[in-house]
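J.: got a predicted structure here, sequence first:
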Amino acid sequence: MAYTPYGGSPGSSTWQPLPSQYFPTPPTALAFDPLSPLLFAANPNGTITSHFCSPDQGLGGRYTSYRGHWGPVGEMAIDQSGILSVGGGGNMPGRSGGGGSVKLANRRGMALWSVETDPPVPLTTFAYTPARSSEIVATGPGSDMIVVNLTRGSVVRQQASPLSFVHLRRAAQLVGSTITGSLAMLDTRTPEISIGETVLAHTGGISQLETEGNYIVTIGYTMRHGMPLPDPYLKLFDARYLRPLTPIPFPTPPAFVRFHPRLSGNVVVASSEGRVQMLDLKDIGKSSVFQVETPNVLTSMAISPTGEGLAFGDADGYVHLWAAQPEEGDAKFCRFEGEVELPDPVEAPERINWRDDTPLNSIGMPYYDTPLLSLLPTHMTAKHTASHRRVPIDPQVMTSAKTVDFVGYATYPPHLRSVGRRNQARTAGNSRTAGRVGVDAPMFRSERERAEAKRRRDHGEDQAKAEEEPEEEPSMDDKMPKYYRRVEIKYSRFGIEDFDFAFYNKTQYSGLETHITNSYTNSLLQALHYMQPIRTLAKSHTFEACPKENCLLCEAGFLFRMLEDAKGMNCQASNFSRAFGANPQVSALGLIDHENDATKSVAYSTLIQTFNRYLLEQMNTESTIPKSTLPQLVKGPAIVPPLPPLAQVVKLDLHSASSCQTCGAKSDRDTGVNVIDLSYPRKAMSNEPQPSTSFPSILSSSITRETIARLPCSSCKQNTHVRVRRVLPESATLPPILVVNAGVRTADELDVWRDGREGPNSRFLSGRFRMRRGPEGLAQISAEGKAREGDVEYALKASPAMVVQIQTEDEAPHLVALAKVTSEDGKPGASWHLFNDFLVKPVTEEEVLSFPGKWKIPAVLFFERVDVNSVLDLEDLPMKADPSVLCEDINISRARDRSLIKHQPFRPDELPRKGTLVAIDAEFVSLQQEEAEFHSDGTKKVLRPSRQVLARVSVLRGEGEETGIPAIDDHIHTGEPIVDYLTEFSGIRAGDLDPQHSRHTLVPLKVAYKKLRLLVDLGCIFIGHGLNKDFRIINIYVPPSQIIDTVNIYHLPQRQRKLSLRFLAYAVLHSSIQADTHDSIEDARTALQLYEHYQRLEAEGTWEDTLEEIYREGKQTNFKAPVEPPPSVARADSPGFGALGPLPMHNSHLHTHQSHPHTLAQVPLSPQQQQQQQMFVRGVFPPPPMSMPPRGPPRNFMG
């Protein structure tokens, strides 16, 4: 088959685009039907749809749509028997949590059979076994390997997967790709599927795997400068020996690959940008190229069984169809175009000629000649009548009742009010709480305020105080305390600020919120936060000039600072999640939890262990600052070569010795691990002694172990069995912190951790153990006996932490952290606390070390050396920021217009100090729309709030000679797709945040965050309107003592309504703002003027009367400013001043009724007050210059 090259003239045989069709949900998998003119598409919601397709007209109408899986569909294949698919991960009705499933359905969507996995782990891939085409092997990351018989629709066998596979394909043997980027050959002929040869294909992960004959082709990511980037090569391997062949380079990194079904050795390769190339693997010069015009990146690809049709799906939901006209005949998408079975036509009912005299019985009714199912037999019906007992009326009510006509009226007695309101039933034992999710959820803060006011009115102060702290009900599960259950944020019409987080946390240690993407990382971040060396190192890194924009170590340091300063206030890791999701390797490793759905079943224990390994490796790389000297944190002789700072804290040095079993060749190399993965002994045979299952023995065998693998030998030049022995080197220094991944995957391995062991210690986990290098480099670990020379003692009793998965039968799994926190007031001692996201509660050490049931699954453990303070020296780490960043003009925009520069950076002699006043306002854009459901009564329930990110921040000088002049006016660059610029409320337009087109001062988010963080550390006092919400979205904690919020100043406590900035500018300052859009400089300047106005009225003693008058005026105008600006007022004291808009006249702080119909009452001023007001007008707010060029040349980045 010949094709026209890209850019050439169309010939008789060319690829032609067909009309595209929009799908409401972007497809993640596409497949052509080999027997019918149908195209099947699967989406992340688990729905599989089919549409008619033809080479002439493209995609037609929908044929069928059905629920394939409760969760995303992984892969699907279509043959004569039907549509075979795997997927899962969502909540399945009738089953606790979610799980993976294999399903076979006919083309009409009716299920022929379905198989669910146990344990419930999603499936992502499958392949036919090489021996029997009637069996498939299905698996997924963290899932077991399941062999399913397609004829019977039953599981033949199931075994734990030796590796975490992402793809499976059939060749001479089964080929699988792992999450680490390796290829492995699997032998299905043995009773248990065994692993053969393995080879590393892509260092950053594999995204595509296809096989044909002796060819294996892969697409993936490669690590460059510590960053995973799309690999520009199509990797080829020989399927017989798993030997790499010459890779094929591409100008744009490939994203999808499919073998041509009719041309052997030919592949179709597509990039995410839509560049499609067809080439012959035997002769690369024979290739053709065409471009798919797509508005977004491609997400899926399929080729028809005839090779004459291609389908592409993009992220916007469009499916693009291309057809190739062969040199002879017409193009076909399927081999045998049989008739598609259509539904039987339904005859329309006979039309009734309806008139006024038409009898109602002319309308036909169904006639039944057999008993209906609702007619229950006599033996299934009750033979006695039952009724509710009548509730007796209180005698006091009867005696005081008065009858009017036939209705009696009586006063509700006081002794019944103390019990509860009449005709109302209490929920959860108390009217204040309602059991919503797991633990009892509190009422919203606004609801509680109204309820408490009503209780005081009905029952008095004593009864209201008695009900402020309800007692917790006992848990229905006597094995698991209910505070381990999953907690969930509820949203009222006032947003997340109305949720009562204090109900869940009454300690001085802050929790983390769950409404952000990848919130499963909260538990590990909490554990790392309470590891003092790691916390100090991360905080120190934030004070250095880190050049990486999405640095996880920087974001972890900022988060740890926020958790320290918040003192029990809830926090969120939104900035860390953003930087974490910006790394392409994260998606390749399967670490993104996109849905963040409480009903979804995910193996979070496996996911958090992979994330732990990735995070420590990434932070280890990021702790090295280019062109800077590596500090030595470990006391003693100098480390040669120098290690990154984090590696000195967590890395365990090891030595690997390999010996070939064929030729006897030996090789040695030094290595190291940041995380120790526990490996459990296999079950002993009947004639073998039982292996030791104590924690010291399992940890020792996991550190120093011996394995046999089939690897290529450099001496005998062949793949052979190689014995690999890992030991501790002679000069090994045990790390200050030992990180352990529990690696529990099966029920037998979980039983090892369960309590109730025989012997003196009934628990598996040792709270303290000693480790030393023994003979031949073995790790000797003991939890008992006397200490010997050279022993290093680790403990869970200093400041350690652990992460465990909580999973019950009636809810989805989740993760919690158990950390030993030190006292904030400096008192000796520490206590264990449970961090269940934003629920924080002290627990006992026995509860921490205990694993009483299968609901508690260990995941990650952190052990700390007892002598860590004498081993590490952290005094030389930088712990103070350089304030000169406030004096620099940083910009990454290549099209900045200097005429639009509105700020003037701080001079070195005017750097803020403690107590310096600054005005601030921020604007935001939306990255994700709000998800809500509307009930039939018109009420709205927010399921997930909109996700916003900082887009502009302006900081104005609040005192001094240049009051009102901006010192910071930065637009913030974001690499994530923006769904709504919110231009009406933010003033941000498309292109303002793009480094190629923005005309404004543009900086990375980390630069803007560092500036604000520095202002907070310097002790500045921030003035603004609605700052709590702004700081929340910025993800920075500012102490309440450093916030002056005009929302709270201009608010009456007895009124629920809070006044908008636009209305206050109209009613108080008599100025018009936010007419067309918002401007952060204008809003910050207005808030600063409102604060100065408040100070003046407070000094005059007229503040309370003025505030009452403002609310009265707001009631007349419905608290809205008019569209037209108010009339101007003549000014005699400062004719040239206009930076802050018009101020009141010098002889009156409020306008008269003649000048404005809704002004406040006139209050005369004394001569001294008039003089003070003139000083306020002239001295505090001088007019800023029209053009304020920045000082010095602009910087390209943060440096």
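T.: Happy to help now that I have it. Everything numeric here is computed off the predicted structure, so don't read it as measured data.
J.: how near is the residue nearest the centre of the chain to Val955?
T.: For the chain, the residue lying nearest the average C-alpha position, counting by C-alpha atoms, centre = their mean, turns out to be Thr517 (1.7 Å). Counting by C-beta to C-beta, to the nearest Å, the gap between Thr517 and Val955 amounts to 29 Å. No exception for glycine: its C-beta is placed from N, CA and C like everyone else's.
J.: got it, and Gln16?
T.: Gln16 sits 57 Å away from Val955, taking C-beta to C-beta as the criterion.
J.: neighbour-wise, which of these two wins?
T.: For the pair Gln16 and Val955, the greater number of neighbours falls to Val955 (29 against 14), based on other C-beta atoms under 10 Å.
J.: mind telling me what element that one is part of?
T.: Per DSSP states H and E, Val955 falls inside strand 947-957.
J.: what do you get for Thr25?
T.: Thr25 is part of no helix or strand when elements are defined by DSSP H and E.
J.: got a list of what it touches?
T.: Thr25 is in contact with 43-45, 47, 317, counting by C-beta atoms under 8 Å, 6 or more residues apart in numbering.
J.: in terms of pLDDT, where does it sit?
T.: In the prediction, the pLDDT value recorded for Thr25 is 88.
J.: and for Ala160?
T.: Per-residue pLDDT puts Ala160 at 87.
J.: that one touches Val744, doesn't it?
T.: No. Because the distance of 11.2 Å does not satisfy C-beta atoms under 8 Å, Ala160 is recorded as not touching Val744.
J.: higher neighbour count, those two?
T.: Between Ala160 and Val744, counted using other C-beta under 10 Å, Val744 has the larger neighbour count: 23 against 12.
J.: separation between the more buried one and Asn505?
T.: Using C-beta to C-beta, one obtains 29 Å as the distance from Val744 to Asn505.
J.: my guess is Leu38 contacts Ser54. True?
T.: No. Contact status for Leu38 versus Ser54: not in contact, 10.3 Å apart, counting by C-beta under 8 Å.
J.: who's more crowded, the two?
T.: Neighbours per residue (other C-beta under 10 Å) separate Leu38 from Ser54, with Leu38 holding more: 23 against 18.
J.: mean confidence score for the strand holding Val955?
T.: On average, the pLDDT along strand 947-957 is 92.
J.: tell me what angle the helix or strand following that strand forms with strand 947-957.
T.: Beyond strand 947-957 in the direction of the C-terminus, DSSP H and E gives the next helix or strand as strand 966-973. Note on geometry: by axes from the mean of the first three to the mean of the last three C-alpha atoms, to 10 degrees, strand 966-973 and strand 947-957 are set 160 degrees apart in direction.
J.: what lies in contact with strand 966-973?
T.: Outside strand 966-973, the residues within contact range by C-beta under 8 Å, 6+ apart are 886, 890, 892-893, 901-906, 918, 949-957, 988, 992-995, 998, 1000-1005, 1007-1008, 1011, 1080-1081, 1084.
J.: so how far is that strand from its chain's centroid?
T.: The offset between the C-alpha centroid of strand 966-973 and the centroid of the whole chain comes to 27 Å, using C-alpha atoms, centre = their mean, to the nearest Å.
J.: same check, this time on stretch 245-265
T.: Taking C-alpha atoms, centre = their mean, the mean C-alpha location of stretch 245-265 is offset from the chain mean by 34 Å.
J.: what's the first-to-last distance across it?
T.: One end of stretch 245-265 sits 14 Å from the other (C-alpha to C-alpha, to the nearest Å).
J.: would you mark the buried spots in it?
T.: Within stretch 245-265, the residues that qualify as buried by neighbour count (16 or more other C-beta atoms under 10 Å) are 247-248, 250, 253-261.
J.: how about stretch 694-704?
T.: Judged by neighbour count using 16+ other C-beta under 10 Å, the buried positions of stretch 694-704 are 694-696, 698-704.
J.: what's the answer for stretch 1076-1085, then?
T.: Within stretch 1076-1085, the residues that count as buried by 16+ other C-beta under 10 Å are 1078-1085.
J.: then stretch 621-629?
T.: Neighbour-count burial for stretch 621-629, with 16+ other C-beta under 10 Å as criterion, is recorded at 621-625.
J.: now the angle from the helix or strand harbouring Glu923 to strand 947-957?
T.: Secondary structure here is read from DSSP H and E; on that basis Glu923 sits in strand 917-928. Here the directions of strand 917-928 and strand 947-957 differ by 160 degrees (the same axes, to 10 degrees).
J.: could you dump strand 917-928 to PDB, C-alpha only?
T.: Presented in PDB, the C-alpha positions along strand 917-928 are these (Å, rounded to 0.1, in the frame of the first residue of the first chain):
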ATOM      1  CA  LEU A 917       2.200  48.300  57.100                       C
ATOM      2  CA  VAL A 918       1.600  47.000  53.500                       C
ATOM      3  CA  ALA A 919      -1.600  46.700  51.500                       C
ATOM      4  CA  ILE A 920      -2.100  43.600  49.500                       C
ATOM      5  CA  ASP A 921      -4.600  42.200  47.000                       C
ATOM      6  CA  ALA A 922      -4.500  39.100  44.800                       C
ATOM      7  CA  GLU A 923      -6.300  37.900  41.700                       C
ATOM      8  CA  PHE A 924      -6.900  34.300  40.700                       C
ATOM      9  CA  VAL A 925      -7.800  32.100  37.700                       C
ATOM     10  CA  SER A 926      -9.600  28.800  37.700                       C
ATOM     11  CA  LEU A 927      -8.000  25.500  36.800                       C
ATOM     12  CA  GLN A 928     -11.100  23.400  37.500                       C
END
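J.: from the chain's centroid, how far away is it?
T.: Using C-alpha atoms, centre = their mean, the mean C-alpha position of strand 917-928 is found 22 Å from that of the whole chain.
J.: got it, and stretch 848-864?
T.: If you compare the mean C-alpha spot of stretch 848-864 with that of the full chain, they lie 24 Å apart, counting by C-alpha atoms, centre = their mean.
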